[in-house]
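Q: No sequence on hand, only this structure:
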């Protein structure tokens, strides 16, 4: 069931934005309401990570919709200023109001060092993979990259994967109080060529089961096989936690450590585990 219009407006208004951005967001939501109403790409599923009304996993039959998740990892220049960083993130965030096809965006500074030296991460959700190609070829996005990203960074990698979310406007667009703040956790994996399908499926199922068991402190989780394998990763997951404490509880739990040691570590060639804090950005029209 679609959220009432008043509830949707309150959900959007909870993230600070100018009036024009608010109006554009409402027009996007109305357009996707019509898209939702077509029943296109809708399935019923009891497999994998199922989600309740707030996007957290649940155990029942849930109407699901296929989507494509787009991850961009950036390496910012060591001397980037606070103003340059804010400018870069604001322009990337507000791109969703300037271009069609983007369902949701979150982004931020990666909070722990990693072997690939990525400093910032961007998460975007699209209806389908064709929308990503249109987005990447858009003149407005190219201008953002040329004027606000490339001058302050020296390398990036993008990863796309297909997944499913509940067929409802709040979890689909990641709107509302649950998505205004929190921690975004990204897990990128490349399995060994010698790993069997059974072992990979068992590892993926183990992660999904753990997510389901931790549904009380997970806002939303999506997992899937990567579409662009040339970037070195074959599978990815994005998990939103409501707070750093919840993320820490999950990441440092014996269950997660045991699962990683027994199911993933023996068959993983390389992996990348990143997280960033989600704060409201994009206060003005760019």
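A: Thanks, I have it. Since the model is a prediction, treat every value here as computed from it, not as a measurement.
Q: residues of the host helix or strand of residue 204 that come out buried?
A: Taking DSSP states H and E as the criterion, the element that holds residue 204 is helix 197-213. With burial defined by 16 or more other CB atoms under 10 Å, the residues of helix 197-213 counted as buried are 199, 200, 203, 204, 206, 207, 208, 210, 211, 212. From N, CA and C alone the C-beta is placed, and that goes for glycine too.
Q: Helices of this protein, start to end?
A: Along the chain, the segments classed as helices by DSSP state H run 5-13, 19-37, 82-94, 129-136, 139-144, 169-173, 177-180, 197-213, 244-251, 254-259.
Q: With distance to residue 68 and mean pLDDT added, can I get those in CSV?
A: CSV is the format used below for the helices of the chain (distance: least, CB to CB, whole Å; pLDDT from 0 to 100):
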stretch, distance to residue 68, mean pLDDT
helix 5-13, 22, 34
helix 19-37, 14, 44
helix 82-94, 18, 95
helix 129-136, 5, 92
helix 139-144, 16, 95
helix 169-173, 12, 93
helix 177-180, 18, 89
helix 197-213, 18, 95
helix 244-251, 24, 96
helix 254-259, 26, 97
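Q: Between the ones you listed, which one is closest to residue 152.
A: helix 82-94 (4.8 Å; CB to CB).
Q: residues contacting residue 108?
A: For residue 108, the set of contacting residues under the criterion of CB atoms under 8 Å, 6 or more residues apart in numbering consists of 89, 120, 121, 184, 276, 277, 278, 279.
Q: could you redo the last one with a cut-off of 7 Å?
A: Each residue near residue 108 by CB atoms under 7 Å, 6 or more residues apart in numbering is listed here: 120, 121, 276, 277, 278, 279.
Q: And it, how far from residue 255?
A: Distance check for residue 108 against residue 255: by CB to CB, to the nearest Å, it reads 26 Å.
Q: What of residue 209?
A: Distance, residue 209 to residue 255, using CB to CB: 10 Å.
Q: ok, now residue 152?
A: On the measure of CB to CB, residue 152 and residue 255 end up 39 Å apart.
Q: between these two, which one's more packed in?
A: When residue 152 and residue 255 are compared for neighbours, residue 152 comes out ahead with 17 against 13, by other CB atoms under 10 Å.
Q: Surely that one touches residue 76?
A: Yes. Shown here, residue 152 and residue 76 form a contact pair, counting by CB atoms under 7 Å, at 5.9 Å.
Q: Can you tell me the centre-most residue of the chain?
A: The centroid of the chain falls nearest to residue 123 when counting by CA atoms, centre = their mean (4.3 Å).
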